[in-house]
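J.: build the 3D model from these lines:
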Amino acid sequence: MSARADAVRAAADRLEGASGSGRACPPVVDLIGPGDIGLAYEVQQAVTARRLAAGGRLIGRKIGLTSAAVQSQVGVDRPDFGVLFADMRYADGEVVPYRRLLQPKAEAEIAFLLGSDLTTAEDPAEVRAAVELAYPAVEIVDSRIADWRIGITDTVADNASSGVFVLGDRGLPLDSFEPAEARMTMRRDGEVVSKGTGRDCLGDPLNALTWLAATAVEFGSPLRAGDLVLSGALGPMVAVRPSDVFEVAIGPLGTVTARFSGEDD
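T.: Numbering: from 1, shown residues only. Just a heads-up that it's a prediction; the model follows:
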């Protein structure tokens, strides 16, 4: 086995061990280095393959690190992507078990449901036309890396620091609104804790979707009809505590509520 394959296996083992034990692990940068993004995605793909072999089902992708505020919070300077599994999805208002997560943070986002394949991303109009509906969403990002001590290769390997997500129950077509003009307010237990607009997500959430579509083609796994895409944060992420309730309003998409159980529930 090559040194590269050994590094991928060791990093995947470390991240899976953290998931299985519920105890965060050291960064994987010592195994895969700080700058080889391709190697980090190989680790992500290895962990994904293991989950699929265990019965997991993919339902889409997530784009991470699209907000300048979040990039600053995490200490990285470029977007990344991960995959969404069916068991990561929660309905509007459904209680998310806090113990499922290690060190969660909440982000308000626009989610896109694709109505057609995106085998090319050369034309932004084609990307826009592929969107069937847009939804308000709360992504609960999480890290298997202790204390969020991550660089870009750590977060990429760790499925773009994915946790779970809550999807609103009502979607709108893009002829009803412009994602770049959407305004977001997030409240935690009634207190405003994050605000932003669609322009805080790479200038326009559709820019983020276009970036993902092109990157997915480059990786040989294009976006397909029926995929759900979390397009990235519209404002700063906020730490989640046991029993928290987050209410997000994204005009004109509507609202979505993420509820969390107590620490011992």
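
J.: kindly export stretch 238-256 (C-alpha atoms) in PDB.
T.: What follows is stretch 238-256, C-alpha atoms only, in PDB (Å, rounded to 0.1, in the frame of the first residue of the first chain):
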ATOM      1  CA  VAL A 238     -23.700  30.300  16.400                       C
ATOM      2  CA  ALA A 239     -22.800  27.700  19.000                       C
ATOM      3  CA  VAL A 240     -25.700  25.300  19.900                       C
ATOM      4  CA  ARG A 241     -26.400  24.500  23.500                       C
ATOM      5  CA  PRO A 242     -28.700  21.700  24.900                       C
ATOM      6  CA  SER A 243     -32.400  22.500  24.700                       C
ATOM      7  CA  ASP A 244     -31.800  25.500  22.300                       C
ATOM      8  CA  VAL A 245     -34.400  26.600  19.900                       C
ATOM      9  CA  PHE A 246     -33.300  28.400  16.700                       C
ATOM     10  CA  GLU A 247     -35.900  30.300  14.600                       C
ATOM     11  CA  VAL A 248     -34.700  31.400  11.200                       C
ATOM     12  CA  ALA A 249     -36.500  33.800   8.900                       C
ATOM     13  CA  ILE A 250     -35.300  34.200   5.400                       C
ATOM     14  CA  GLY A 251     -37.400  36.600   3.400                       C
ATOM     15  CA  PRO A 252     -39.300  35.800   1.300                       C
ATOM     16  CA  LEU A 253     -38.800  32.100   1.700                       C
ATOM     17  CA  GLY A 254     -40.300  32.000   5.200                       C
ATOM     18  CA  THR A 255     -39.200  30.400   8.400                       C
ATOM     19  CA  VAL A 256     -37.700  27.200   9.800                       C
END
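
J.: how far is that stretch from where the chain is centred?
T.: For stretch 238-256, the separation from the chain centroid amounts to 15 Å (computed by C-alpha atoms, centre = their mean, to the nearest Å).

J.: in that stretch, which residues are buried?
T.: V238, V240, D244, F246, E247, V248, A249, I250, L253, G254, T255, V256 (16 or more other C-beta atoms under 10 Å). To be clear about C-beta, it is placed using only N, CA and C from the backbone, and glycine gets the same treatment.

J.: mind telling me what element R14 is part of?
T.: Assigned by DSSP states H and E, R14 belongs to helix 3-21.

J.: please name every helix or strand in contact with that helix.
T.: helix 29-32, helix 37-53, helix 152-157 (3 or more C-beta pairs under 8 Å, 6 or more residues apart in numbering; DSSP states H and E).

J.: which residues are in contact with V166?
T.: Neighbouring residues of V166 by C-beta atoms under 8 Å, 6 or more residues apart in numbering: Y90, A91, D92, E94, V96, A137, V138, I140, V256, T257, A258.

J.: quick one, grab the pLDDT at the fifth one.
T.: To tie it back to what came earlier, the one meant is V96. V96 is assigned 98 on the pLDDT scale.

J.: try the third one
T.: Model confidence at D92, given as pLDDT, is 98.

J.: okay, the closest residue to it other than its chain neighbours: pLDDT?
T.: Closest residue in space to D92, ignoring its immediate chain neighbours: D169 at 4.7 Å, by C-beta to C-beta, 6 or more residues apart in numbering. According to the prediction, D169 has pLDDT 95.

J.: can you count the residues close to D169?
T.: 12 (other C-beta atoms under 10 Å).
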